[in-house]
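Peer 1: pasting the structure only:
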Ligand code: GTB
């Protein structure tokens with residue numbers, strides 16, 4: 001069955017891998033699954049045919065036969081549950097890996113998104129500079145604990161899993177802020193994730209859409 005995902009026709013980051021289709025592409029690459037991409041504009045995302053697949057008018061979406069999904073975490077879990085390479089076989093290890101997926105999206109990512117809002121959308125507000133240190137400290141709080149838990153381990157719970165895939169994807173958004181480099185082991189963890197051949201293929205595929213044509 002053909003898998004089709006959606007991605008930005010033109011990503012606001014110019015193809016630095018920050019839009020969430022990269023997470024889905026990475027999961028598909030880890031699982032060794034071929035896929036097609038339907039590129040959509042901001043206007044396309046708000047049209048009825050896209051809203052039928054994604055009620056909030058966003059990317060990414062995932063379509064496979066009669067199944068259509070939205071929400072990156074749900075899509076990655078769907079892929080991981082059906083194909084080897086992203087979740088351990090053992091029931092308890094599997095449950096722990098899924099816990100890390102939720103931790104990435106529900107605990108670590110929200111303050112990082114808040115930081116993005118503070119530095120991009122609220123940049124010109126009169127209170128922005130005063131608020132920023134507070135927002136950055138809210139990012140650092142879970143990172144301190146995550147860093148302590150990871151220690152010098154390669155991955156969060158033994159072998160690489162979908163939990164690592166989402167955690168690395170969430171953390172790499174922090175690099176431009178300089179906060180990631182405050183945590184030596186987390187910076188190395190993100191670099192390990194980005195060095196995986198499946199990540200590199202996913203990154204290259206989304207970059208190819210966004211990079212200006214050569215010549
Ligand atoms: N909870 C949803 C999920 O995890 O799938 C959130 C999906 C989402 O935020 N989608 C964004 C979107 O479609 C793109 S990824 N936005 C358009 C809209 O809402 O109208 C978020 C994103 C966008 C751009 C950058 N960037 O340029 O750096 C980074 C991340």
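Peer 2: That came through fine. Since the model is a prediction, treat every value here as computed from it, not as a measurement.

Peer 1: what helix or strand is residue 100 on?
Peer 2: Following DSSP states H and E, one finds residue 100 within helix 91-103.

Peer 1: for that helix, packing partners?
Peer 2: Using 3 or more CB pairs under 8 Å, 6 or more residues apart in numbering; DSSP states H and E, the elements in contact with helix 91-103 are helix 72-82, helix 162-171. C-beta coordinates here come from the backbone N, C-alpha and C atoms, glycine included.

Peer 1: could you rerun that using 6 Å?
Peer 2: Under the contact criterion of 3 or more CB pairs under 6 Å, 6 or more residues apart in numbering; DSSP states H and E, helix 91-103 touches helix 162-171.

Peer 1: pLDDT on the helix ranked longest in the chain, on average?
Peer 2: Longest helix of the chain, by residue count under DSSP state H: helix 128-150. Averaged across helix 128-150, pLDDT comes to 95.

Peer 1: ok, back up a step: any buried residues in the helix holding residue 100, and which?
Peer 2: If you call a residue buried by 16 or more other CB atoms under 10 Å, then helix 91-103 has these buried ones: 94, 96, 97, 98, 100, 101, 103.

Peer 1: contact partners of it?
Peer 2: Applying CB atoms under 6 Å, 6 or more residues apart in numbering, the external contacts of helix 91-103 come out as 87, 88, 156, 157, 161, 162, 163, 166.

Peer 1: chain neighbours aside, what residue packs nearest to the third one?
Peer 2: Which is residue 156. Excluding the flanking residues, the one nearest residue 156 by CB to CB, 6 or more residues apart in numbering is residue 100, at 5.1 Å.

Peer 1: so what's the residue nearest to residue 40 when sequence neighbours are not counted up against?
Peer 2: Spatial nearest neighbour of residue 40, excluding adjacent residues (CB to CB, 6+ apart): residue 6 at 5.3 Å. Residue 6 sits next to 38, 40, 59, 60, 61 when contact means CB under 6 Å, 6+ apart.

Peer 1: show me what from the chain comes close to the ligand.
Peer 2: Applying CB under 6 Å from any ligand atom, we find that the chain lies next to the ligand at 11-13, 18-20, 42, 45, 57-59, 71-72.

Peer 1: now with 8 Å, please.
Peer 2: Within the chain, the residues that sit near the ligand (CB under 8 Å from any ligand atom) are 8, 11-14, 16, 18-21, 23, 42, 45-46, 56-60, 70-73, 75, 105, 116, 173.

Peer 1: buried subset of these, written for PyMOL?
Peer 2: The PyMOL command for the buried members of those (criterion: 16+ other CB under 10 Å) is given here:
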select buried, resi 8+11+16+18+19+20+21+23+45+58+59+60+70+71+72+73+75+105+116+173
